[in-house]
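> Coordinates for the following, if possible.
(chains A, B, C and D)
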Protein chains: 2
Amino acid sequence: MAVSERGPRERMVFSAAQLIRRDGVASTGMREVAAHAGAPRGSLQHYFPGGKEQLVNEAVGWAGRYAGNRVARFLAALPEPTPSGLFAQMVRQWTDEYETSGFAGGCPVAAATVDCAEATVSTREAAAAAFATWTGPVAGALADMGVPEERAGALATLMISTLEGAILIARAERDVRALTTVTRELGPLLDAAVRAD
Amino acid sequence: MAVSERGPRERMVFSAAQLIRRDGVASTGMREVAAHAGAPRGSLQHYFPGGKEQLVNEAVGWAGRYAGNRVARFLAALPEPTPSGLFAQMVRQWTDEYETSGFAGGCPVAAATVDCAEATVSTREAAAAAFATWTGPVAGALADMGVPEERAGALATLMISTLEGAILIARAERDVRALTTVTRELGPLLDAAVRAD
DNA sequence: CGATCGCTATGACCGCTGTCATAGTAGGCG
DNA sequence: CGCCTACTATGACAGCGGTCATAGCGATCG
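The predicted structure is shown next:
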């Protein structure tokens, strides 16, 4: 992959996110992360003195920033930006992955929430922050499309909620059906919010 | 709780679901399940010769049936059944729990999916089955309300996707905001499907 | 009584996990 | 050269996980 050009620290965070996505937090071992990143095991305690908790939190933060940054790219890919178009792009990223690479992974933020929300406060906070840095750009994009300010945030939450749930169902069923269904059903509602400006 | 009247086997399945909901599958130990159920440790290998995998699968199945059965009760509680009313009830179950008992637990089916989808096929199938036994009654209820057959299933998937995602976000944020938001935003769309019969 | 069967009780085993301790290497810099 | 810092390399450890083996209880039934 192209990321192997980055430093070992960054590679480990990236690998952690990838493994958490697949197996969940608890089932992902530190040694496994190092091996997957092609990094020496000794570097773990050097770069992440806070232990697994720190590594997981950074992986979650990375995932949140990644999702947030994708939004701008999705908008750029749309000939004319519409809420339904943005949502379709967000969902499409997942259907594409599932159809080409299989249903191995879900959302790492969701995995961290499920596994750590009650046990590890800092990770729960990291997950909340990740959702925030994801929701922000989406809400901003909606506002730019003409959605009233206060509804933009609500619709962004709705979009991400629906996407996360559909990812879960798709992964359980090993079928993109849920993903395609929610794009089709939610699109009209999202676009209707623009006309009501 | 009232369930302590049931047999030890059933109690263990119930306890498993409860602990999985809280900490995820991997972080939930067999010994912990037995202790929580007030059941002897030796009974685990007696009632669940298939080991943890069997216990988890049964817990997931139980959760699916539970969710499916709730639908009928939700409908009975509605003066006049509407899609938005049903959805509001489904969400309300979670806001009520979170406001009175805290944000300790999520959906056990979601937890099983995140933790086991890639590692344990039988559990992934159990999760898919659970989603199916949950979606079925919801779709049926929508159809009874006048939603066209083919859209009823799609809307049921949309409702459950959105709910699952909102649960995740609410738990991460320790705030019911996401849950209340999705009810408010999704309600009108759901009711619009009835008028288009 | 004796036997059988459902269930309980424990203890041991092995593998794996996160973490720590300690020692080693490489490279820049005075 | 010597030194210091950044990073790497291993090995050990303590804990916990699921699972198996074996033995014990208790009641029902022949």
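> Need the nearest residue in space to residue A:74, chain neighbours excluded.
Distances taken as Cβ to Cβ, 6 or more residues apart in numbering or on different chains place residue A:89 nearest to residue A:74, at 3.9 Å, with adjacent residues excluded. In short, each C-beta sits where N, CA and C put it, glycine included.
> Thought residue A:78 was touching that neighbour, still the case?
Yes. Taking Cβ atoms under 8 Å as the definition, residue A:89 is a contact partner of residue A:78 at 6.9 Å.
> Looking at the two, which one has more neighbours?
The residue with more neighbours, out of residue A:89 and residue A:78, is residue A:89; 17 against 14, by other Cβ atoms under 10 Å in any protein chain shown.
> Quick check: residues of chain A near DNA strand C?
A:28, A:29, A:30, A:31, A:32, A:42, A:44, A:45, A:51, A:52, A:53 (Cβ under 7 Å from any atom of the strand).
> Ranking by neighbours, what's the top pick from those?
residue A:28 (26 neighbours).
> Quick check: that one touching residue A:21?
No. With contact defined as Cβ under 8 Å, residue A:28 does not count as touching residue A:21 (9.2 Å).
> if we can go back for a sec, element containing the residue nearest to residue A:74?
helix A:83-101 (DSSP states H and E).
> Count the residues that sit near residue A:7.
Neighbours around residue A:7, by other Cβ under 10 Å: 9.
> In chain A, spot the helix with the most residues.
helix A:51-77 (DSSP state H).
> Mind listing what's buried along that helix?
A:52-64, A:67-68, A:70-71, A:74-75 (16 or more other Cβ atoms under 10 Å in any protein chain shown).
> in chain A, which ranges drop under the pLDDT threshold?
A:1-5, A:195-197 (pLDDT under 70).
> can you give me the helices in it?
Under DSSP H, chain A gives helices at A:8-23, A:30-37, A:42-47, A:51-77, A:83-101, A:108-116, A:121-144, A:149-173, A:177-195.
> Could you report the neighbour count for the closest residue to residue A:21 other than its chain neighbours?
Nearest-residue entry for residue A:21: residue A:105, 3.9 Å, with adjacent residues in sequence omitted and distances by Cβ to Cβ, 6+ apart. Residue A:105 has 22 neighbours, counted by other Cβ under 10 Å.
> before we move on, what about residue A:41?
By other Cβ under 10 Å, neighbour count at residue A:41 equals 11.
> Tell me the spacing between the closest residue to DNA strand C within chain A and residue A:104.
Residue of chain A nearest DNA strand C, by Cβ to the nearest atom of the strand: residue A:51 (2.6 Å). For residue A:51, the distance to residue A:104 equals 26 Å [Cβ to Cβ, to the nearest Å].
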